[in-house]
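Trainee: Predicted model and sequence follow; I will ask about them next.
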2 protein chains.
Amino acid sequence: MLERIHLAIVQEVARQGSLTAAADTLCLTQSALSHSVKKLESLLGTAIWRREGRQLIPTQAGEYLLAVANRVLPQLNQAEERLRQYAEGERGTLRIGMECHPCYQWLLKLVAPYLARWPDVDVDVKQKFQFGGIGALFGFEIDLLVTPDPLFKPGLRFEPVFDYEQVLVVPRSHRLAGATHVLPRQLAQEILITYPVAPERLDVFNQFLTPAGIAPRQHRSIETTDILLQMVASGRGVTALPRWLVEEYATRMDITPVRLGRHGLKKQIFLGLRESDDDVDYLQDFVEMARG
Amino acid sequence: MLERIHLAIVQEVARQGSLTAAADTLCLTQSALSHSVKKLESLLGTAIWRREGRQLIPTQAGEYLLAVANRVLPQLNQAEERLRQYAEGERGTLRIGMECHPCYQWLLKLVAPYLARWPDVDVDVKQKFQFGGIGALFGFEIDLLVTPDPLFKPGLRFEPVFDYEQVLVVPRSHRLAGATHVLPRQLAQEILITYPVAPERLDVFNQFLTPAGIAPRQHRSIETTDILLQMVASGRGVTALPRWLVEEYATRMDITPVRLGRHGLKKQIFLGLRESDDDVDYLQDFVEMARG
DNA sequence: ACCATCCATGAGATCGACTCATCTATGCTG
DNA sequence: CAGCATAGATGAGTCGATCTCATGGATGGT
C-alpha cells in the first residue's frame, strides 16, 4: 500500500536531492530511508529513481509519484490542521484566495470587522495557486476565492460582492489628467505599469487596448500597489486600477483617475465557494458581510 | 499522523455502519479496529463518533474526516493503479468524463480506432462527478472532459473538436415535420422529452425557449437515447438532439429533424484537459484524433 | 429473561520498521 | 593517482506499534 510516509519521502528527496539530506528532515537515519525506498520500489515493481553515480534521477514513475505527493500531502496536512482546530474548539481557518490584485485593499478592510465578529476563526490569504484559483477551490487549498471571473458550474457558487470602475491612473501633471475620458490610441505613447500578471488577464488590455488593436509604448510590472502608484506619481508611467482605490491614494499622492473609454470600464468582483460548504456558518457570514 | 488506514476505517465504517462489519471488509478483527479508533481519537484529541447505544453517530470531526477520506482515498487508489501500469509497461488508462449526453455516440465511434492505435492504453468513461466535470478534471478523477461548456482558466486547456447543430426531433407524421424551421411559441403545446438534466443546462431551454419566455406543455425526461427516440417516433412528444445523431437514427425510425429558430441552434463540443498533462502523448493523440 | 450482537479492554504474540555498524561506490582535491 | 569526504546499500539485531485472542459490559430484539 502506498502510505503517507512514502509520499513524504519522495517529496523530501525531490526537495533535498539526496536520501541522506532527506533523512535528516524526516527525522530518520539514512539507513531507514534506504530500506523504505527499497521496499517501496519492490512493492511497486518499478524503480522510483535511477542511480546515476551519487545522483538520484526520478524515473517516469518517480515523477508521477512526486506529482501525487505534491497534490495529496497538502490535503492531509490541511485536514490534520482542521481537525486540530475542531479538537481545540476553534472554528477553523478561513482560507481566502485572491485572483484580483487590488482587491487586497478591499479585503483588508473587511477582515478586521470579520475577525472581531468571529474570534475563533482565523483568516489566511493566498495568492499563488498550482492550478489557478478555481483549481484551488476544487482542490481544497482555499475556501473562498476573490475573483473578477465567476464560473457558474456545479459544485461551485459565485456571489457578486461589489461593482467598481477600472480607471486609468495618471500623475496630476499629466496631459491626460482632467480629461473626461481616455481612448485606447491615447495610450499608444505611454508606459503602462501593471501588476505582474499575463496581459490577457488584465482588463486594461483585454477590454480596452487589445480590442482596439493598440499596444502601449512599453509595458512594465510591479508587485505592490504602493510602489506602483509612487512610480506613476513620479511620472514614470500610467496604470489602471479600481476607482475607489485610486481615490483613496489620491489624498496623499500626486495622482488622478481618468475614465477608460467613453462609458467607463465597469467591473464586478465575485466571491466563489464550494457548494459543499453551504452550511459552514462562518464562511457564509463572510459572504454576507462582503455583500453588505 | 493521519494515515491512509485511518481514512479507510472512517470510510468503511460510514459505509457499513458498524465497526464489526467494517473490520470484516478491512480484513482485521473487530478488536484491532477498536484499538485503532481509540488511538486515533486520542491522537486527534476529539471523538470521531458519538456512541449512541450500539450506533455510531459521526461527530463534526467525523463528518469532516469522512469528506477527506472520500476525496483523498480515490486519489491514492488511482495513483497506485497508475504506478502498477507503469510497472507492467502499460501506458495507462485514459479516463474520459462526459458532460454531454448525446456525445456518447460520437465518443464510441472515436474509441474503437483509438484503442487499435494505442493497444497499451485502456479507456474508461465516467458520467457522474462529485463536483461536476471541471471539478473532476481538477481532482484527477478524469483526464479528459467532453463538454459543450469550455472554461478558459489557468491549469486547464480546452480544444474545440466538432461543431454541430442542435435540432428539434419530431415524428414524420407531426404537423411540424417538413417545416423549414420552428419558433419557440410553436412548442408551447408540445410535450418535450429530454435527458434527465436540469433545464437550465439544456440548450433547447436556455438558448431557445427560455429567452422567448415560452415553456412546453409538459417536460419529461428519459435516460437513454434509443428509448427517448422511440417515444418521439410513437408520437408521445418531441425532443432536441444533435442533427448528426438524428440523421443516423432517421434511417430506421419514423423521426425527422427540424431546425430550431430561423438560423438554427449552433453548438460546439470541446475536449478539456489539464495543462500538466500536455506531455502525455497518448492523451494528446486522442485530442488530435478527435479533431481530425 | 435470554440471547445475539455490538463495542471496549487487557495480555500476549507478531511482524515490520528503525538503528547501528559496516561496506562499496563515487567524485573531488592536492 | 592516492586519499578523503560523502553518497547509498546491506545485514543483524532491537524495539515498538499493531494485531489476535479471550473476555467483559452494554444494548436491543424476541
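Mentor: All right, it came through fine. This structure is a prediction, so every number in the text was calculated from the model and none was measured.
Trainee: okay, CA-based contacts and neighbour counts for the rest of this
Mentor: Noted.
Trainee: Residues of the stretch 151-292 of chain A that sit close to chain B?
Mentor: A:153-156 (Cα under 8 Å from any Cα of the partner chain).
Trainee: quick check, nearest of these to B:Y64?
Mentor: Of all those, A:G155 has the smallest distance to B:Y64: 17.3 Å, by Cα to Cα.
Trainee: correct me, but the closest one touches A:G272?
Mentor: No. In this structure, A:G155 is not within contact of A:G272 by Cα atoms under 8 Å, at 10.4 Å.
Trainee: Looking at the two, which one has more neighbours?
Mentor: The residue with more neighbours, out of A:G155 and A:G272, is A:G272; 27 against 19, by other Cα atoms under 10 Å in any protein chain shown.
Trainee: The more buried one in helix, strand or coil?
Mentor: Here A:G272 is recorded as strand under DSSP: H, G, I helix; E, B strand; the rest coil.
Trainee: Give the closest residue to it in space, chain neighbours not counted.
Mentor: Excluding its sequence neighbours, the residue lying closest to A:G272 (Cα to Cα, 6 or more residues apart in numbering or on different chains) is A:F158, at 4.3 Å.
Trainee: shouldn't the one you found be in contact with A:E275?
Mentor: No. Applying Cα under 8 Å as the test, A:F158 and A:E275 come out as separate, 9.5 Å apart.
Trainee: got any ranges where the stretch 51-200 of chain A has weak pLDDT?
Mentor: For the stretch 51-200 of chain A, no stretch is flagged by pLDDT under 70.
Trainee: which residues are contacting stretch A:201-218?
Mentor: Defining contact as Cα atoms under 8 Å, 6 or more residues apart in numbering or on different chains, one finds that stretch A:201-218 is touched by A:166, A:184-185, A:187-192, A:199-200, A:240, A:260-261, A:265.
Trainee: what about 7 Å?
Mentor: Identification of contacts with stretch A:201-218 by Cα atoms under 7 Å, 6 or more residues apart in numbering or on different chains yields A:184-185, A:187-192, A:199-200, A:240.
Trainee: again with stretch A:125-137
Mentor: By Cα under 7 Å, 6+ apart, stretch A:125-137 touches A:95-99, A:142-143, A:145, A:273-274, B:138, B:154-155.
Trainee: Could you dump these into a markdown table and include secondary structure?
Mentor: Formatted as a markdown table, those follow (three-state DSSP):
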| residue | secondary structure |
| --- | --- |
| A:R95 | strand |
| A:I96 | strand |
| A:G97 | strand |
| A:M98 | strand |
| A:E99 | coil |
| A:I142 | coil |
| A:D143 | coil |
| A:L145 | strand |
| A:L273 | strand |
| A:R274 | strand |
| B:F138 | helix |
| B:P154 | coil |
| B:G155 | coil |
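Trainee: filter these to the buried ones?
Mentor: Neighbour counting by 16 or more other Cα atoms under 10 Å in any protein chain shown classes A:95-99, A:142-143, A:145, A:273-274, B:138, B:155 among the contacts of stretch A:125-137 as buried.
Trainee: Among those, which one lies nearest to A:A14?
Mentor: B:G155 (22.4 Å).
Trainee: Give me the buried positions along the helix or strand harbouring A:V167.
Mentor: Assessed by DSSP states H and E, A:V167 sits inside strand A:156-171. By neighbour count on 16+ other Cα under 10 Å, the buried set for strand A:156-171 is A:156-161, A:165-171.
Trainee: which outside residues touch the very next helix or strand once past that strand?
Mentor: Downstream of strand A:156-171, the next assigned helix or strand under DSSP H and E is strand A:181-182. With Cα under 7 Å, 6+ apart as the test, strand A:181-182 has contacts from A:258-262.
Trainee: Mind checking which of these land in strands?
Mentor: The members of the contacts of strand A:181-182 that map onto strands under DSSP state E are A:258-260.
Trainee: ranking those residues by neighbours, who comes first?
Mentor: Ranked by neighbour count (other Cα under 10 Å), the ones in strands among the contacts of strand A:181-182 have A:L260 at the top, with 24 neighbours.
Trainee: Tell me which residues touch that one, please.
Mentor: For A:L260, the contact set (Cα under 7 Å, 6+ apart) comprises A:167-168, A:181-183.
Trainee: What segments of the stretch 101-250 of chain A are helices?
Mentor: Using DSSP state H, counting those that start in this stretch, the helices of the stretch 101-250 of chain A run over A:103-117, A:132-138, A:203-204, A:225-233, A:243-250.
Trainee: Can you tell me which of those is packed in deepest?
Mentor: helix A:132-138 (a mean of 23; mean count of other Cα atoms under 10 Å in any protein chain shown).
Trainee: just checking, what's the longest helix in chain A?
Mentor: Counting residues, the longest helix found in chain A (DSSP state H) is helix A:60-87.
Trainee: Surely A:A250 touches A:P257?
Mentor: No. With contacts counted by Cα atoms under 7 Å, A:A250 stays clear of A:P257, the gap being 8.5 Å.
Trainee: wait, A:P150 sits on A:I269?
Mentor: No. Between A:P150 and A:I269 there is no contact, the gap being 8.4 Å when judged by Cα under 7 Å.
Trainee: OK, contacts around the closest residue to A:C103 other than its chain neighbours?
Mentor: Take A:C103 and drop its neighbours on the chain: the residue closest to it by Cα to Cα, 6+ apart is A:V146, 7.7 Å away. For A:V146, the contacting residues are A:97-100, A:269-272, by Cα under 7 Å, 6+ apart.
Trainee: So which of those residues is the closest to chain B?
Mentor: A:E99 (11.2 Å; Cα to the nearest Cα).
Trainee: And the closest one, how far from A:D278?
Mentor: The gap separating A:E99 from A:D278 is 22 Å, by Cα to Cα, to the nearest Å.
Trainee: and if you look at A:A250?
Mentor: For A:A250, the distance to A:D278 - Cα to Cα - is 39 Å.
Trainee: before we move on, what about A:S234?
Mentor: Per Cα to Cα, A:S234 is found 47 Å from A:D278.
Trainee: more crowded one of the two?
Mentor: Taking other Cα under 10 Å, A:S234 and A:D278 do not tie; A:S234 has more neighbours (16 against 12).
Trainee: Let me see the contact set for A:R172.
Mentor: A:R172 neighbours (Cα under 7 Å, 6+ apart): A:254-256.
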